[in-house]
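Trainee: sequence plus predicted model, see below.
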Amino acid sequence: MMKKKYIFLSVLLLFALILFVLKNKKEVSRPNIILIMADALRPDHMSCYGYARLTSPSLDVFAESSTLYRSVFSSASWTIPSGYSLLTSLTPAEHRMRSWGSVLDARTPNIISSLRKNGYSVGLFGDQDLFFKNIEQNFGDALNSFHISLDPPDATKRALQWVDSQKAPFFLWIYYLEPHRPYRPPAPYNRVFAAHSGTHLPIKKTEKSYEGGWGYLPEMLVENNIDDPAYYVAQYDGAIRYVDNEIGKFLKALKEKNQFDRSLIIFTSDHGESLGEHGLYFNHLFTLFNEIVKVPLLIKEPWQKRGRIVRENAGLMDVFPTICDVVGLKKPESLKGLSLAGALPKDRPFMASAAPLGREWVVALIKGDWKLIKYVDSLGEDTNYIKTFFPQYPGILYQLFNIEKDPLESENLIEERNDVFLRLRQYLSEEEVAGREAEVGAFELDEDFTKRLRSLGYGQ
């Protein structure tokens with residue numbers, strides 16, 4: 001009788017152990033997903049990427065237990081096309097979201113809809129009001145919770161409150177507007193990196209609503225008539241430190257709630273910012289140089305404890321397939337990105353575009369160590385925009401750079417490497433032809449939305 005009792009208890013314990021393993025296996029295979037974004041953030045202005053100023057101490061710590069990708073490219077020079085490339089793993093020419101009022105084809109696979117269909121609750125919080133209003137227009141029915149805040153601290157607080165309310169696997173997206181211009185972080189962040197160089201630039205307002213900056217300070221940026229560009233770079237860095245502090249508070253709270261280890265956490269940005277490189281001061285709409293299209297990317301997989309660095313080229317289009325792999329979802333066939341959970345080929349192509357008027361002004365192809373930039377020679381009635389914003393490159397339609405040897409993109413190698421130029425130009429032409437389709441529908445932008453656009457230096 002005693003032997004049967006032991007056998008029964010052993011079987012019971014074994015059954016309990018199996019249930020425990022299966023339960024934890026399910027939890028690991030369906031982790032919470034947290035996407036944190038900061039707008040217009042350059043990786044080379046983050047201390048975890050080697051910047052001299054301590055701009056990102058919280059993300060520096062996060063990098064110690066995550067994978068830091070050193071060479072990541074956005075698909076566009078501004079928020080809407082870039083953000084939808086992240087969401088859909090398609091190029092702007094394929095998803096065709098090129099204006100603030102664009103409507104995404106409901107049949108297009110995307111992160112939000114895919115996770116919602118697979119049992120995830122979806123919550124969006126942030127003070128990037130312009131982009132999130134477009135997201136609400138396109139995904140309102142798929143959002144369990146949605147709130148636009150007036151500042152980063154409120155976004156952090158509301159996101160954490162939502163985390164407390166969740167039991168099922170969730171997808172949380174926090175999107176901070178900082179360090180997007182006009183670079184006005186609150187005290188003490190507006191003083192932490194204050195600097196002057198003795199350089200003086202003219203202060204000027206452009207003829208159109210786009211606040212340019214070719215060799216001058218855009219008027220919408222100017223404080224107290226300060227004309228030293230180093231001051232505004234310091235304010236940009238202060239804004240990074242400000243948003244980094246909010247991210248640090250959020251990550252600390254996740255650990256206290258025992259949500260940090262079990263979650264897939266992704267940090268990135270939509271694009272960079274030109275801070276005087278190539279003659280463009282404090283803008284991101286008009287060029288596709290590295291300062292604009294390179295973005296930070298840090299990914300912590302569930303239960304990851306040790307940091308690592310990946311140097312191969314990656315792109316924002318890789319986020320969607322990576323989420324699918326980590327969560328265990330079947331990847332839609334339409335995805336053009338690759339899962340970062342696997343090996344990355346060295347010379348796969350990346351496309352990027354600058355389309356502030358809804359049409360490409362500039363397109364770029366990055367392939368391995370090479371980058372080809374093509375400028376549009378004419379926009380018909382809008383040719384005056386080209387004259388206004390591209391005086392640096394009169395008559396130049398193509399630029400070819402070896403971005404490995406020349407990361408600052410200072411030497412156009414078309415003549416020296418005509419073989420590379422012809423090969424990349426052919427590939428670029430084929431991609432452009434493939435992307436010529438009708439534009440998507442649009443919803444009307446109200447007066448308040450338009451005013452907010454202009455306050456951030458956008459014309460519409």
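Mentor: Everything's here; your move.

Trainee: after the helix or strand bottoming out on mean pLDDT in the chain comes which helix or strand?
Mentor: When each helix and strand of the chain is scored by mean pLDDT, DSSP states H and E, helix 2-29 comes last, with a mean of 50. Next along the chain after helix 2-29, taking DSSP states H and E as the criterion, comes strand 33-38.

Trainee: who's in contact with that next one?
Mentor: Under the criterion Cβ atoms under 8 Å, 6 or more residues apart in numbering, residues 115, 120, 126, 128, 169-176, 178-179, 240, 243, 247, 250, 254, 263-270, 319, 323, 327 lie in contact with strand 33-38. Every residue, glycine included, has its C-beta placed from N, CA and C.

Trainee: inside strands: which ones of these?
Mentor: 126, 170-176, 264-268 (DSSP state E).

Trainee: make TSV from the residues you listed and add pLDDT, neighbour count and distance to F282 to it.
Mentor: Below are the ones in strands among the contacts of strand 33-38 laid out as TSV (pLDDT from 0 to 100; neighbours: other Cβ atoms under 10 Å; distance: Cβ to Cβ, whole Å):
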residue	pLDDT	neighbour count	distance to F282
G126	95	27	22
F170	96	23	37
F171	97	24	33
L172	97	26	31
W173	97	23	27
I174	98	27	25
Y175	97	25	21
Y176	97	28	19
L264	97	19	34
I265	98	26	30
I266	98	23	27
F267	98	24	24
T268	98	21	21
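
Trainee: adding distance to L445, write the residues you listed out as a markdown table.
Mentor: Putting those into a markdown table (distance: Cβ to Cβ, whole Å) gives the following:
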| residue | distance to L445 |
| --- | --- |
| G126 | 19 |
| F170 | 31 |
| F171 | 27 |
| L172 | 27 |
| W173 | 22 |
| I174 | 25 |
| Y175 | 19 |
| Y176 | 23 |
| L264 | 34 |
| I265 | 33 |
| I266 | 29 |
| F267 | 30 |
| T268 | 26 |
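
Trainee: for those residues, which one is nearest S65?
Mentor: I265 (9.5 Å; Cβ to Cβ).

Trainee: pLDDT wise, what is the closest residue in space to S71 that isn't next to it in sequence at?
Mentor: Leaving aside its chain neighbours, S71 sits nearest to N313 (4.9 Å; criterion: Cβ to Cβ, 6 or more residues apart in numbering). For N313, the pLDDT comes out at 94.

Trainee: and N313, its phi and psi?
Mentor: Note on N313: its backbone torsions stand at phi -60, psi 140 [degrees, to the nearest 10].

Trainee: isn't it up against L338?
Mentor: No - N313 is beyond contact range of L338, at 10.4 Å (criterion: Cβ atoms under 8 Å).

Trainee: list residues touching both of those two?
Mentor: L344, R348.

Trainee: number of residues surrounding S89?
Mentor: If you count neighbours by other Cβ atoms under 10 Å, S89 ends up with 31.

Trainee: for it, give its distance to K405.
Mentor: 30 Å (Cβ to Cβ, to the nearest Å).

Trainee: then T55?
Mentor: Counting by Cβ to Cβ, the separation of T55 from K405 is 27 Å.

Trainee: the two - which one has more neighbours?
Mentor: T55 (28 against 9).

Trainee: spatially nearest residue to that one, not counting backbone neighbours?
Mentor: Distances taken as Cβ to Cβ, 6+ apart put I240 closest to T55, at 4.3 Å, once the chain neighbours are dropped.

Trainee: correct me if wrong: the one you found contacts E178.
Mentor: Yes - the criterion here is Cβ under 8 Å, and I240 meets it with E178 at 7.4 Å.

Trainee: more neighbours: these two, which one.
Mentor: Between I240 and E178, counted using other Cβ under 10 Å, I240 has the larger neighbour count: 28 against 25.

Trainee: residues contacting that one?
Mentor: So I240 contacts A38, L41, H45, M46, T55, S56, E178, P179 (Cβ under 8 Å, 6+ apart).

Trainee: and if you look at I323?
Mentor: Per Cβ under 8 Å, 6+ apart, neighbours of I323: I33, I111, L115, L264, I266, L329.

Trainee: so which of these comes closest to Y231?
Mentor: Looking across those and measuring by Cβ to Cβ, the closest to Y231 is I266, at 32.8 Å.

Trainee: partner residues bridging the closest one?
Mentor: L35, I299 (DSSP bridges).

Trainee: relative to P407, how far out is it?
Mentor: Relative to P407, and taking Cβ to Cβ, I266 is found at 25 Å.

Trainee: can you check Y51 too?
Mentor: Y51 is 14 Å from P407, by Cβ to Cβ.

Trainee: what's A63 in contact with, if anything?
Mentor: Here A63 is in contact with C48, L298, G307 (criterion: Cβ under 8 Å, 6+ apart).

Trainee: ok, P169 - how many residues close by?
Mentor: With other Cβ under 10 Å as criterion, P169 counts 20.

Trainee: next, count neighbours for the residue nearest to it when sequence neighbours are not counted.
Mentor: Nearest-residue entry for P169: R30, 4.7 Å, with adjacent residues in sequence omitted and distances by Cβ to Cβ, 6+ apart. Neighbours of R30 under the rule other Cβ under 10 Å: 19.

Trainee: is it true that R30 touches G328?
Mentor: Yes - the pair R30 and G328 qualifies as a contact (Cβ under 8 Å) at a distance of 7.0 Å.

Trainee: cool, thanks, signing off.
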